[in-house]
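Engineer: coords below, sequence missing:
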């Protein structure tokens, strides 16, 4: 590698990317990229560090009327510590708090986790559940892309080589009911582990029924994905303690229809399917407890 | 490969050293500056033996591109020579049996320092999370957790 750029402002970084295109890669915390460089799996002419840049002007998180904006270039620890992020995106904060270790979260960024596009990326299921949009900046302009359209395959995104992921926008609609947010990550230990499978959910409960159900899973397909038929099976159902048992057949079929895990060092395909189903059961159980008043929702 | 000059502050001392574009902070600290208290364990960010503080925050020196530390303040275990708060953490670890082979100890001392700087009275869960990126193959961790308890009780180990 010939060169390391350490720009102090966004324009400078975008100018380097515009000039060098595929020859250089943006690097944030380096917590994944540095390993791949050393393993010889990447050989760029140079790296452009985004460590001194900020994707938002006034702090890592901005509440902006109908949306929550996250600085994709800020350390994950700064997003996790944000009261606004905890209030409006609890499942996402829970997910970010499982990435790596404290030392990793002090330098790693949302941009890095998203653009790495690991099938098991912990930030992606909650971002998909929250209908996140990515703000991509290039010299002289920017565009907004739904997260689902940005991540196109394992390690692949639709980011152009002169673009930087600078911010993530989470639209905040009025809740249709009491919200229940959940993130589950399954792995051999809690820290420094790549998920065998992970799942994020946000369901809404009103008048004892599930009026909204949004779920996404990772580690079980080429990219993290929404579980549309699980959502469909749950929507409109009575949020009673027997919810999962009552729908078990349909939920098993729905999970099988959406996930296509591979057997690898992180578990067999059958095991990963069982993990996702287990997490769906946890979503059902929490929804029932919130419906009965036994537990409060996120927005209580 | 042209080694650009990297300027940053290490343990309060300003330094300027040539560093290859793809050098890790770990390489510069150990090979160029002789700060061998920073250990390379796994070299993959899994074990925490290379933990240092970057502008007061715990990071893995084995993962950080050296040049991204330009202009920053880096603290390694060698800072203990002039830092009674770090010595207090070392002594608490020794007293509790939290040091055996010692390879992980520099990382643990700095991880404990970062925790106490932010959280003078951490819960048990906060302590475990703060130390979750540091592996110790000797002690079984309980003596290390006991050392943190003792430091919290005595109000010791916090940076001035």
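Structural biologist: Noted; the coordinates are in hand. All values reported here derive from a predicted model rather than from experimental measurement.

Engineer: okay, domains of the chain per the record?
Structural biologist: The chain I'm using is chain A. Domain assignment for chain A by automatic domain parsing gives A:3-171, A:178-291.

Engineer: switch to chain B, please.
Structural biologist: Using automatic domain parsing, the domains assigned to chain B come out as B:4-79, B:83-154.

Engineer: among the domains of chain A, which is nearest chain B?
Structural biologist: The closest approach between chain B and any of these, judged by CB to the nearest CB, belongs to domain A:3-171 at 2.5 Å. Where C-beta positions appear, they are placed from N, C-alpha and C, glycine not excepted.

Engineer: returning to that earlier point: so which of the domains of chain A is nearest residue B:88?
Structural biologist: Evaluated with CB to CB, the domains of chain A place domain A:3-171 nearest to residue B:88, the distance being 20.9 Å.

Engineer: the closest one near chain B anywhere?
Structural biologist: Yes - for a cut-off given as CB under 8 Å from any CB of the partner chain, domain A:3-171 has contacts with chain B, namely A:3-4, A:6, A:27, A:29-31, A:34-35, A:37-38, A:46-47, A:49, A:51, A:75, A:77, A:100-104, A:106-107.

Engineer: quick check: end-to-end length of that domain?
Structural biologist: Across its full length, domain A:3-171 reaches 39 Å between end residues, using CA to CA, to the nearest Å.

Engineer: pull up the per-residue confidence for residue 121.
Structural biologist: All of this refers to chain A. We have a pLDDT of 98 for residue A:121.

Engineer: meant chain B actually
Structural biologist: Turning to residue B:121, the model gives it a pLDDT of 96.

Engineer: and it, that's in a helix?
Structural biologist: No - following the definition DSSP: H, G, I helix; E, B strand; the rest coil, residue B:121 is coil and is not counted among the residues of a helix.

Engineer: hang on, the earlier thing: can I get the domains of chain A in a markdown table with mean neighbour count?
Structural biologist: As requested, these are exported to a markdown table (neighbours: other CB atoms under 10 Å in any protein chain shown):
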| stretch | mean neighbour count |
| --- | --- |
| domain A:3-171 | 20 |
| domain A:178-291 | 20 |
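
Engineer: dump those to a markdown table, plus distance to residue B:17.
Structural biologist: Conversion of those to a markdown table gives the following (distance: least, CB to CB, whole Å):
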| stretch | distance to residue B:17 |
| --- | --- |
| domain A:3-171 | 14 |
| domain A:178-291 | 30 |
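
Engineer: of all these, which lies closest to residue B:115?
Structural biologist: Going through the domains of chain A one by one, with CB to CB as the measure, domain A:3-171 comes closest at 8.4 Å.

Engineer: run the chain-centre distance for that closest one.
Structural biologist: Here domain A:3-171 is found 11 Å from its chain centre; the criterion is CA atoms, centre = their mean, to the nearest Å.

Engineer: and for stretch B:24-37?
Structural biologist: Computed by CA atoms, centre = their mean, the separation of stretch B:24-37 from the middle of its chain amounts to 13 Å.

Engineer: is that stretch anywhere near chain A?
Structural biologist: Yes - judged by CB under 8 Å from any CB, stretch B:24-37 and chain A are in contact via residue B:24.

Engineer: contact partners of that stretch?
Structural biologist: Taking CB atoms under 8 Å, 6 or more residues apart in numbering or on different chains as the criterion, the residues outside stretch B:24-37 that touch it are A:34, B:6, B:10-11, B:15, B:17-20, B:38, B:40, B:43, B:50, B:52, B:54, B:59, B:61-66, B:69, B:74, B:76-78, B:106.

Engineer: next step: the residues you listed restricted to strands.
Structural biologist: For the contacts of stretch B:24-37, the ones inside strands are B:6, B:10, B:15, B:17, B:18, B:19, B:52, B:54, B:59, B:74, with DSSP state E as the criterion.

Engineer: beta partners for the first one?
Structural biologist: Counting by DSSP bridges, residue B:6 forms beta bridges with residue B:17.

Engineer: if anything else comes up later, I'll come back, but that's it for now.
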